[in-house]
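[1] build me a structure from this.
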Amino acid sequence: MTLTVSLRGTREVRENCQIFRLTGLLDAFSEPTFRRTIDNYIDEGPHNVILVLAQIDFVDSSGLGALVQLVKKAQSKGGTLQIVTNPRVTQTVKLVRLEKFLSLQPSVDEALKNIESS
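    Here you go, the predicted model:
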């Protein structure tokens, strides 16, 4: 799945969740396409979403805003959105104190455990 020149990803659908593995930049340029694409997939279901951002090189305020909107969208559908992160993304998220709201996880396995227990 090519979202923009600077952001690419794959989508895996499991029984109770969707897993998106993204690479590149989540910035003002890629944000509109990223948000619209994931938003549509949340509508389609399943409504539990795991965004794997471990290979993301950069997230700016537009990207963070999109993540917040997508968490709210998943929750409005009765699902969850969790983010598997890397140190750079984690640092950016913590700077704006969104680490709890964005449900940062160290691995896909941990995110899957959270879905099963919710």
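[2] what does the helix or strand harbouring Val52 rub up against?
    Using DSSP states H and E, Val52 falls within strand 49-59. Contact with strand 49-59 is made by 17-27, 38, 41-42, 67, 70, 74, 79-86, 88-89, 92-93, 105, 108, 111-112, 115, as judged by C-beta atoms under 8 Å, 6 or more residues apart in numbering. C-beta coordinates here come from the backbone N, C-alpha and C atoms, glycine included.
[3] stretch 5-22: end-to-end distance?
    End-to-end distance for stretch 5-22: 12 Å, by C-alpha to C-alpha, to the nearest Å.
[4] output stretch 106-118 in PDB with nothing but the alpha carbons.
    This file holds the C-alpha atoms of stretch 106-118, laid out as PDB (Å, rounded to 0.1, in the frame of the first residue of the first chain):
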ATOM      1  CA  PRO A 106       6.800  -2.200  22.500                       C
ATOM      2  CA  SER A 107       5.800  -4.900  20.100                       C
ATOM      3  CA  VAL A 108       2.900  -6.300  18.000                       C
ATOM      4  CA  ASP A 109       2.600  -9.200  20.500                       C
ATOM      5  CA  GLU A 110       2.000  -6.800  23.300                       C
ATOM      6  CA  ALA A 111      -0.600  -4.900  21.300                       C
ATOM      7  CA  LEU A 112      -2.400  -8.100  20.400                       C
ATOM      8  CA  LYS A 113      -2.400  -9.100  24.100                       C
ATOM      9  CA  ASN A 114      -4.100  -5.800  24.900                       C
ATOM     10  CA  ILE A 115      -6.800  -6.400  22.300                       C
ATOM     11  CA  GLU A 116      -7.500  -9.900  23.700                       C
ATOM     12  CA  SER A 117      -7.800  -8.600  27.300                       C
ATOM     13  CA  SER A 118     -10.100  -5.600  26.400                       C
END
